[in-house]
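A.B. asks: heads up, no residue letters with this:
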Ligand SMILES: Nc1ncnc2c1ncn2[C@@H]1O[C@H](COP(=O)(O)OP(=O)(O)OP(=O)(O)O)[C@@H](O)[C@H]1O
Ligand SMILES: [Mg+2]
């Protein structure tokens, strides 16, 4: 096994990890505040991707513009779902909110099947993105570069947002201590809505990255990446933003490296690896890699 | 000295007799399509009652039930399909498995046992987790099972699935086992063990202080639930005669959770009521999915409609009646007379 | 300034307050004393909107507070320093203080109040970058009070500010509380340490199992045999 092969796999892993990181951040923000696992998060990603595709094909917008508009729509939809399905359950048990989010997930997937059919569609990205780049023995595409670069920029902006702006600090405050947040006058509903908006927008970016990589999309495309990103968020210590980013990158790299290093016969089992990793990590470090002790709901 | 049977026993026997008579009549009169729905109701009762044991009574929130069904269904398929047929469809089976052909009851028991064994393997590490983490870890188990089923081609034919399972399942098997399941689970939850399980759900810390061996109780509940899930999965396989990884999907797990919540997850009666409603409703709704006419209005095809309606229904129920239809109440004759809470503690 | 009438509050099916009526006058330091579980914290939580009353009214300067969400109540100048500190433990002291002024936009006033707070609690200035969870118990209590002061309170609700503090810290805290009146802040003080509370309070309500048992000026209470016996340990 050559060094360049491993370098190659690391680049692929970093790129997949970036996607997970972006999705995981959304899970983590929402979980941090509400102790809600939003299983519908992956399905919002799917919506974002379809909106992007629609805007590219029907309205002939360039990919970045279409993606930005789709992020805005996904943000609105995320807030709408929160208002309708989750807010009435603020004081309900963990299980109740979990089931509700599963129901929302199934609902969105089937609305997708009903409106755009279950048939996969091609998601073509401009040729520019699939250009190969050769650095020594290591080869990657512009897409890899764009994915990793975009993610890095987004994460940096996110760090600045959560430490420099009032809204961002208030988000962290809500995740830290909801009672205290109430008592300094933070309107929790606004913060929760903002978290859903932010998470949904980031999921859209991640979804477009996935769609660009695979070239095809379908209404169920969000579920498994969503689940894996949740695993990433747990790995990093759910509720922690740096944790979510780190968890995503670790998970993506681990997934690709395992597939790349094990005999090819094992590669179809990659989804199984992810959950085996999850179970192992939870057993060793129940609060994730960067997590602190869990505040249970209720 | 023979004891005089109690009124409850007599009523129970009466109920079974009525059920048997009803099944007899239905078997004579109903067309196959409807008979199959009746059987599905029975299978769902088995699956949901067992899910209620773990999720409802013991408070282990598991999303892996479809995984145990899958283990049961594939086990029973591999044990019952005739060797000649296996040689064609699954030429790579190891010899001992290729030559085997068990009678249905033995295969059902094997299906349950293997599902239980899977539950033991997964439960041992995972049951230490709580709440959300447990839910996601059991969901992870389902993912793993599905990946294995899809890729262990020499045993499962992968995504194509196995067809030609002998159609052993009929309403006598289904409802016989359903009644037995309900009876056994009822015995279990009213036993000292069952009270321990409920104590764990209500207050883990207090239960621990009372000296209830929590880990063991949770594991027992989990494995027992898995046993019946395995049997239910096998019955389903031998009803449909075809199985594939897609049968045992997230939506299958979700459907069971849905039935359980709607019926009331802390009640066995809830499993029955929920299964009845939630098996019939999708069948009715499915008729509209392909389009058609309702009261003279032409409907466009709407694939996914039934799932959409069911999921919305579930959300509404969780918001407005989180305890489900039955809550933690059980059916009793006195329900029809004066109102009274049957189950205490 | 604040008028509570016939207030009853429940936690689920448990009744914590029964038919409580009390008045807070502008500019005074009012103490609430009573045994554990008497309902003192519950009164404060209801005023600040964390709990919703079942029956009864709370009127603040002619506006009804009943059912308003906490952030609206903060906007009206009522700030609550809850029992057990409740700091944002992963956030820095500076961020905690910044959040204290979350609903304000008068940059100049905020800056002034920061200076005031640092003059009251100089130790906070040295700890600005530190995560609040790593402060000592006494420092956290100071920070919680400082955070509330950053919200420019007109009415400050303090729940057991001296709980678990060393005598030295307790002295500092009581000195600061006694001085708040001079800054034009009306204070409702809940205290286990009834004697210290009576020393600095103008008026006192004594609560017992969810109802008001007695009320009067501090001097009256200090002279009352029943109070002496039950709460002052004499
Ligand atoms: N979250 C809660 N859930 C249920 N009951 C509660 C809750 N908080 C308080 N109570 C009950 O309400 C009553 C009043 O409690 P409260 O906290 O107001 O008392 P307190 O006077 O502040 O006591 P302490 O001096 O111990 O702080 C108590 O009987 C208590 O058991
Ligand atoms: Mg108190």
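C.D. replies: That came through, no problem. All of these numbers come straight from a predicted model, not from anything done at the bench. Ligands and ions are numbered 1, 2, ... in the order given.
A.B. asks: Show me what the helix or strand that contains residue A:249 is packed against.
C.D. replies: Assigned by DSSP states H and E, residue A:249 falls within helix A:241-261. Counting contacts by 3 or more Cβ pairs under 8 Å, 6 or more residues apart in numbering or on different chains; DSSP states H and E, helix A:241-261 packs against helix A:3-34, helix A:142-164, helix A:223-236, helix A:270-284. In this view, the C-beta of every residue, glycine as well, is placed from N, C-alpha and C.
A.B. asks: Just say which of these is most tucked in.
C.D. replies: helix A:223-236 (a mean of 28; mean count of other Cβ atoms under 10 Å in any protein chain shown).
A.B. asks: Check the model's average confidence along that helix for me.
C.D. replies: Taken as a whole, helix A:223-236 has a mean pLDDT of 87.
A.B. asks: Tell me which residue of the stretch 1-150 of chain A lies closest to chain C.
C.D. replies: Distance from chain C to each residue of the stretch 1-150 of chain A (Cβ to the nearest Cβ) is smallest for residue A:32, at 10.3 Å.
A.B. asks: isn't that residue right up against residue A:236?
C.D. replies: No: here residue A:32 does not reach residue A:236: they are 11.6 Å apart, not a contact under Cβ atoms under 8 Å.
A.B. asks: Before we go further, residue C:16 is sitting in a helix, right?
C.D. replies: No: with DSSP: H, G, I helix; E, B strand; the rest coil as the criterion, residue C:16 is located in strand rather than a helix.
A.B. asks: ok, which stretches of the stretch 151-300 of chain B are helices?
C.D. replies: Per DSSP state H, counting those that start in this stretch, the stretch 151-300 of chain B carries helices over the ranges B:153-156, B:171-190, B:192-202, B:204-209, B:214-240, B:250-263, B:268-289.
A.B. asks: so which of those helices comes closest to ligand 2?
C.D. replies: helix B:204-209 (22.9 Å; Cβ to the ion).
A.B. asks: least trustworthy helix or strand in chain B by mean pLDDT?
C.D. replies: Using mean pLDDT, DSSP states H and E, strand B:292-294 stands out as the lowest-scoring helix or strand of chain B, at a mean of 68.
A.B. asks: actually chain C, not the one I wrote
C.D. replies: helix C:225-231 (a mean of 75).
A.B. asks: circling back to that earlier point, could I get the helices of the stretch 151-300 of chain B in a markdown table, plus columns for distance to residue C:78?
C.D. replies: Listed next are these as a markdown table, based on distance: least, Cβ to Cβ, whole Å:
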| stretch | distance to residue C:78 |
| --- | --- |
| helix B:153-156 | 66 |
| helix B:171-190 | 50 |
| helix B:192-202 | 38 |
| helix B:204-209 | 36 |
| helix B:214-240 | 45 |
| helix B:250-263 | 41 |
| helix B:268-289 | 46 |
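A.B. asks: Give the burial count for the closest residue to ligand 2 within the stretch 51-200 of chain B, as a bare number.
C.D. replies: Using Cβ to the ion, the single residue of the stretch 51-200 of chain B nearest to ligand 2 is residue B:131, 28.6 Å away. Close neighbours of residue B:131, defined as other Cβ atoms under 10 Å in any protein chain shown, add up to 19.
A.B. asks: Could you do residue C:112 as well?
C.D. replies: Around residue C:112 there are 12 residues (other Cβ under 10 Å).
A.B. asks: Any chance of the helices of the stretch 151-300 of chain B in JSON lines with mean pLDDT as columns?
C.D. replies: Shown next, in JSON lines, are those (pLDDT from 0 to 100):
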{"stretch": "helix B:153-156", "mean pLDDT": "88"}
{"stretch": "helix B:171-190", "mean pLDDT": "90"}
{"stretch": "helix B:192-202", "mean pLDDT": "83"}
{"stretch": "helix B:204-209", "mean pLDDT": "80"}
{"stretch": "helix B:214-240", "mean pLDDT": "93"}
{"stretch": "helix B:250-263", "mean pLDDT": "88"}
{"stretch": "helix B:268-289", "mean pLDDT": "86"}
